[in-house]
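> Kindly return the folded structure for what I paste below:
(one chain, ligands or ions: 1)
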Amino acid sequence: MELPEIVIVGDNTFNKDNLSKLVRKKALLLTGPNVSGIFAEKINSALRGFEYEKEVVNASTYDEAERIYNKFIDKDFEAVIGFGGGKVLDVAKYFGYKTGINVISVPTSASNDGIASPFSSLKGGTHPYSLKVKPPRGVIVDLSVIMKAPKRFILSGLGDLLGKFTSIRDWKLAWIEKNEYYGEYASKLAYESAKHAMISTKGIEVLKYVSVRNLMEALISAGVAGGIAGSSRPLSGSEHLVSHALDIIAPEKGTHGEKVALSTVFIAYLYGINWRKIKSKIQEVGLPSSFSQIGIKREEVIDAVFMAPSLRPERYTILHKLNLTKDAVNNILDEINI
Ligand SMILES: [Zn+2]
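Got it, this is the predicted structure:
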């Protein structure tokens, strides 16, 4: 098991005192193009007195991650601090993976479960799914920062968590039918994080502080479940494969969590679990309740479901088992009306 060592969640937690628990010498600070300006003062005050270099991450692609790696390869950094959204954290984790130095994750939004997980999702590589890396050594969640993120990103994190209802089903299926390693504890932890998100929807919808904190803690727990399992199995199943296929077929449409949430309704239907309840939570919290709302056409959804198993043929899921025809997919989409 590989887990983060220090996790700090609270108000104004991104500060000098907390950082000095994780860095003593020189650090590389990676941020996004927008957050570096919005939080310039906070960054300056937290890093005052530290020796550091700063770089803006423009995309979560292998090219960008390699550019940054090559630019700073010879610098003797003790740690890399990722201060930003999912893209920045993915690149920071990649930098830590390539150089072996510690990663400090400082999310500025709640958009996905990558905050504490040992996986880096970069586009443009040989495969569309995550790379297994070291988990961040430190996670600092500063709620005064998270609360400033657009609501869509906070809801997106909730959508990503709902996916755990089906990812753990796929994992169990692979254990039963393919004798794959299955960890009951990691699976339960991922399940609880999704359940926790479900009961927080009312508060999240109105951005209640305590509910957003619950959401952040659930996202961290989900990432930790991945660290316990040693694979992304508890976090990512067929609902993520559909979302990854949509990234290819209908790029730049919808956020990761929005696509995962809708795909979860579809996969929940296949498993005969309560897809109506998941769908009603999606509607209740204000996530898009149909693919068309995020600009994805019916044919694109059908193609994505059809393509999904081929993205990871070795990772057995319900889609690999059922081998649905395009007609069957269309009929289900009609029935569940997403
Ligand atoms: Zn995800």
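> and the residue in the chain sticking out farthest from the centre, helix, strand or coil?
Each residue of the chain has a distance to the centre, and by Cα atoms, centre = their mean the biggest one is for G49: 32.1 Å. At G49 the chain is in coil, as set by DSSP: H, G, I helix; E, B strand; the rest coil.
> okay but it is in contact with K16, surely?
Yes. G49 is in contact with K16 according to Cβ atoms under 8 Å; the separation is 6.8 Å. Quick note: C-beta positions are derived from backbone N, CA and C, even for glycine.
> show me the contacts for the residue farthest from the centre of the chain.
K16 (Cβ atoms under 8 Å, 6 or more residues apart in numbering).
> mind listing the helices for the stretch 151-300 of the chain?
151-162, 164-178, 184-199, 201-205, 209-229, 238-249, 256-271, 275-285, 298-311 (DSSP state H, counting those that start in this stretch).
> Dump those helices into CSV; add mean pLDDT, distance to N70 and mean neighbour count as well.
As requested, the helices of the stretch 151-300 of the chain are arranged in CSV below (pLDDT from 0 to 100; distance: least, Cβ to Cβ, whole Å; neighbours: other Cβ atoms under 10 Å):
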stretch, mean pLDDT, distance to N70, mean neighbour count
helix 151-162, 93, 30, 25
helix 164-178, 98, 34, 22
helix 184-199, 93, 35, 19
helix 201-205, 85, 40, 18
helix 209-229, 93, 28, 22
helix 238-249, 96, 26, 25
helix 256-271, 97, 27, 26
helix 275-285, 94, 42, 18
helix 298-311, 97, 28, 19
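> Which of these sits closest to I332?
Taking Cβ to Cβ, helix 256-271 is the member of the helices of the stretch 151-300 of the chain nearest to I332, at 5.9 Å.
> Next, the angle from that closest one to helix 184-199.
Going by axes from the mean of the first three to the mean of the last three Cα atoms, to 10 degrees, helix 256-271 is angled at 110 degrees with respect to helix 184-199.
> Distance from the chain centre to helix 256-271, please.
15 Å (Cα atoms, centre = their mean, to the nearest Å).
> quick one: pLDDT of the residue nearest to P150 when sequence neighbours are not counted?
Once flanking residues are discounted, P150 sits nearest to S109: 7.8 Å by Cβ to Cβ, 6 or more residues apart in numbering. Per-residue confidence (pLDDT) for S109: 92.
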